[in-house]
Structures are given as C-alpha cells and as structure tokens.
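# Attaching a predicted model along with its sequence, questions to come.
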Amino acid sequence: EDKVVQSPLSLVVHEGDTVTLNCSYEVTNFRSLLWYKQEKKAPTFLFMLTSSGIEKKSGRLSSILDKKELFSILNITATQTGDSAIYLCAVCAGGTSYGKLTFGQGTILTVHP
Amino acid sequence: DAEITQSPRHKITETGRQVTLACHQTWNHNNMFWYRQDLGHGLRLIHYSYGVQDTNKGEVSDGYSVSRSNTEDLPLTLESAASSQTSVYFCASSEFGGPPSTDTQYFGPGTRLTVL
C-alpha cells in the first residue's frame, strides 16, 4: 500500500523566517511527487517532481526530490502572512495505481506578522 | 477558461437520506476523482473514473457510489447518509495517459456536507 507521511503536522513562524516542510513516501512504481497549497478552499498546484526533474523553484518557494532516500522537502524563504495555508504532498504511481494520488496528512503553516 | 465546479457548496442533511453531490469539469479530462478531507487525514480517495462508463473504488468507498455517463460529470451519491460522512468533499480531474506532467490533478472548490 502506498504511503505518504508529512512532518511537521503544524508549524508557527514569524514573517521573514525560513521554513522547511518534509514529505517521505513509500510507493511502488513511482511516477511523480506533487506539492499543493490549500487556503480555506481547493488545493492549488505548486510543483511536480519526477525522475527527470528533481529540483524546482518558483520565487521564494523551492523543492527537491531525493529518489534514493524517498523524500522531498519544500522550502519557503522570507515567509509572509499570505503563506499561511495547509501544504499537501502527494505521490503518483504507475501500473494498476495509474493516475491516483496518495496524499499525506498535510502541514498546517501559520505565519504571524 | 476551463474549470471544475461543484454543487452545492454547503449541504445539511439528515441521517438515512440519499444525497448527491455534483461535479462538472470543462477541462475535457478523462480522469475524475472524488476525495473527502477530514482533520488529521489529509485527502482520501473515495471513487475515481478513467472515462465514460468506467468507475473504480478508492480507499474509503463504503457508503458511496458514482456513475459516469459523459466526460464532464461525475456525481457522487451517498446512498444512506451517516454522521461519519460529515466532511468536506473535493472533486478533481486530470488528463489520461502520457508523461508524468499529466499526473497533475485540478480541484473543484469543495462541498461541505453535514449529516445530522
């Protein structure tokens, strides 16, 4: 059974701090790992990491994938109150699990002014 | 612009009643998914479909059913609502086949269901 574990489950920081969110996974026939941001509504897509794309960056957010150790991290530098959200990690497998995403529990990030 | 919509956005019902949640997407995606989100559990897959007339059970499918008669819609039915089904329900869609970039799922705004 595919499994995704995120840590920490919650995190409280102040504006300007740098945070690191962790995601470890166990999946057979790995295809991709995805990060989503959820603010009081639908999850919105942030990054996808695959065997051919193990590092992504967009502004203050960056993410890496370690396929050997089976984990990913999401870094947010110079945090802002608008970064407050639930961050979800998900993995997609191939084979009979094709197209399905297995999600972690999420990390609740709170950024105080 | 392509989008995915859900209705109703909020629903209160009583135990034992049948409830149907609607999901409509204009992405022309073959894959559609239903999740429920509860505190401490993240998103859990209820049912999914790879195309018209195709439906599959997810990890928490008991008490739920879906049908797919066209590409755009995947309604979720709770046959006899139970208090344990109080949750936020999300519908999502993605392309079928191809490289890993097609794994990205796009989510609807969610339906908050309360079963009294």
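That came through fine.

# Distance of B:Asn30 relative to A:Glu69?
Applying C-beta to C-beta, to the nearest Å, one obtains 34 Å for the distance of B:Asn30 from A:Glu69. In this view, the C-beta of every residue, glycine as well, is placed from N, C-alpha and C.

# And for A:Asp2?
To A:Glu69, A:Asp2 is 17 Å away according to C-beta to C-beta.

# Mind checking which of the two has more residues around it?
The residue with more neighbours, out of A:Asp2 and A:Glu69, is A:Asp2; 18 against 8, by other C-beta atoms under 10 Å in any protein chain shown.

# For the most centrally placed residue in chain B, which non-adjacent residue is closest in space?
Centre of chain B computed as the mean C-alpha position; nearest residue by C-alpha atoms, centre = their mean is B:Trp34, 2.5 Å away. The shortest distance from B:Trp34 to any residue that is not its chain neighbour, by C-beta to C-beta, 6 or more residues apart in numbering or on different chains, is 4.4 Å, and that residue is B:Ile46.

# Next, the buried residues of the helix or strand containing the one you found.
Secondary structure here is read from DSSP states H and E; on that basis B:Ile46 sits in strand B:42-51. Judged by neighbour count using 16 or more other C-beta atoms under 10 Å in any protein chain shown, the buried positions of strand B:42-51 are B:Gly42, B:Leu43, B:Arg44, B:Leu45, B:Ile46, B:His47, B:Tyr48, B:Ser49, B:Tyr50.

# List the beta-bridge partners for the fourth one.
Partner residues in beta bridges with B:Leu45, using DSSP bridges, are B:Tyr35.
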